[in-house]
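>>> Sequence and predicted structure, then a few things I'm wondering about:
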Amino acid sequence: MSLFNQYKKTYQEGKTLPQNFYTDENIFSEEMKSIYFQQWLMVDHVSRIKDPGNYFVFEAEKESIIIIRGKDNEIRAFYNVCTHRGSRICLDEEGSKNLLVCPYHAWSFSSEGKLKAARYMPDDFVKEDYGLRKCHLKIYEGLIFINLSMDTPIDFDEFIAPLKEIVGFHNTGKSKIVSRKKYPTKANFKLVLENFQECYHCGNAHSEFSAIHEKDWVYTMGAGLGTAPEKDTEEYLKKISPWLEDCKKKGIPSETYLETEEGLKLGLNRYADRTPIGNGHLSQTKSGKPASTLMGKFKDFDGGLSQVSFNPFSCCYFTNDFGVMFVFKPNSTLESEVELIWLVNENAKENDDYNIDDITFIWDVTTQEDTMIIENNQKGLLSQSFTPGVLSQNESAVTYFYNWYFTNMQLP
Ligand code: FES
Ligand SMILES: [Fe+2]
């Protein structure tokens, strides 16, 4: 019996996972192959690499991927692995280069990934056979997705289809990055993701976030629909139904999307909803006032918040005036990283139209708090005294997350 199946036998539904799921390196490698490398991962926004030769390097687990705009303006992704003897090629996190020169023996590659120069090679050496190894890449509305599968990944168009309407309405294709920040987290990636599946901790750990939103929103919708008991959720949805009706009338997509049975079977876990921030707030800012000019197809502020999750590693939040991309990365068994990227309308001007501190405030402070509670969670979980605890009725989405996790780990 595989290690995973042995461990899974010790899992009891309604409780957290047993300790070895978070500590065993063999399980971590299996998770990378069976889950992380199979998903379409949102990694960045096209405005990071505006001109030909602009590139950045995306690193997660043992992989390092160069994402570069070629002379033909096309964005491509390549493994940051030299086709000579395997050295890393790009050592900087980002930059601009017409030629990518390997620091070992100076083989050089074009921004389209072709091998351009290699000295003293045998006569029968065919340069065309040694271009950089491609990584799957797709762009939707300015959002860059990669897939680390070595085979044919799940079809991108099918994957993105149910989330197109809502993302398209926010028009991230016509936005630009105004800020980004990394939050290295000393914890297993599942603890990082689990934290994002529930808002049971929000009232206690996120005083700023809880002050911005209405209490019943935090309870029923803070981590998406289905995290609180049904009757409480229904009561909340009834309360906001006039607001949702109004969205419908205005043609603003506000339907909740929950993953289908079919999608789950394929290992997908997509989600979208749109609800009012509450408390009369127009944006997710400290004051509740707008932080920038309108984004996307909005004609007016309606104080809505869209929560979009492409998969648990790749999520976005959008208000009427800005967006935050959440990129969750597993690095090793006990190390992860969260990166936040803030977007505004591409025509908005700093200071005249927006102030970066207003835009970044809530998710910066909330993510710092999350980093702390997740690291404390990991520390306690390493104790010899740890045993899985019972999940509350406000953490149902954690069990849903485990089911998605188990499905993926058992896919052929
Ligand atoms: S390993 Fe890159 S040139 Fe030799
Ligand atoms: Fe949190």
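Cool, got the structure. Treat the numbers as computed from the prediction; the structure is a model and nothing was measured. Ligands and ions are numbered 1, 2, ... in the order given.

>>> From N204, how far out is D151?
With distances taken as C-beta to C-beta, to the nearest Å, D151 is found 44 Å from N204. Every C-beta, even on glycine, is put in place using the N, C-alpha and C of the backbone.

>>> Check N345 too.
35 Å.

>>> ditto for V344
31 Å.

>>> In terms of neighbours, single out the busier of the two.
More neighbours sit around V344 than around the other of V344 and N204, counting by other C-beta atoms under 10 Å; the figures are 25 against 10.

>>> just checking, the more buried one touches L294?
No: under the criterion of C-beta atoms under 8 Å, V344 makes no contact with L294, lying 9.9 Å away.

>>> which ones are touching the closest residue to ligand 1 within the stretch 201-350 of the chain?
Using C-beta to the nearest ligand atom, N331 is the residue of the stretch 201-350 of the chain that sits closest to ligand 1, at 24.0 Å. Shown in contact with N331 (C-beta atoms under 8 Å, 6 or more residues apart in numbering): 60-61, 337.

>>> Going by neighbour count, which of those residues comes out on top?
Highest neighbour count within those, by other C-beta under 10 Å: A60, with 23 neighbours.

>>> ok, it touching K329?
Yes: contact status for A60 versus K329: in contact at 4.2 Å, counting by C-beta under 8 Å.

>>> Spit out the residues that contact the two alike.
When contacts are counted by C-beta under 8 Å, 6+ apart, A60 and K329 are jointly contacted by E337.

>>> quick one, phi/psi of the residue nearest the centre of the chain?
The centre of the chain sits closest to S314, judged by C-alpha atoms, centre = their mean, with a distance of 1.9 Å. Torsion angles at S314 (phi, psi; degrees, to the nearest 10) stand at phi -140, psi 100.

>>> Okay, the closest residue to it other than its chain neighbours and L148: tell me how far apart.
Once flanking residues are discounted, S314 sits nearest to M42: 3.6 Å by C-beta to C-beta, 6 or more residues apart in numbering. When C-beta to C-beta is applied, the distance between M42 and L148 equals 13 Å.

>>> Quick one: name the residues of the protein near ligand 1.
For the chain, the residues found near ligand 1 under the criterion C-beta under 6 Å from any ligand atom are 82, 84-85, 87, 102, 104-107.

>>> for the longest helix belonging to the chain, which positions count as buried?
Longest among the helix segments of the chain by residue count, using DSSP state H, is helix 356-381. With burial defined by 16 or more other C-beta atoms under 10 Å, the residues of helix 356-381 counted as buried are 358-364, 366-367, 369-371, 373-375, 377-378, 381.

>>> Thank you kindly, that will do.
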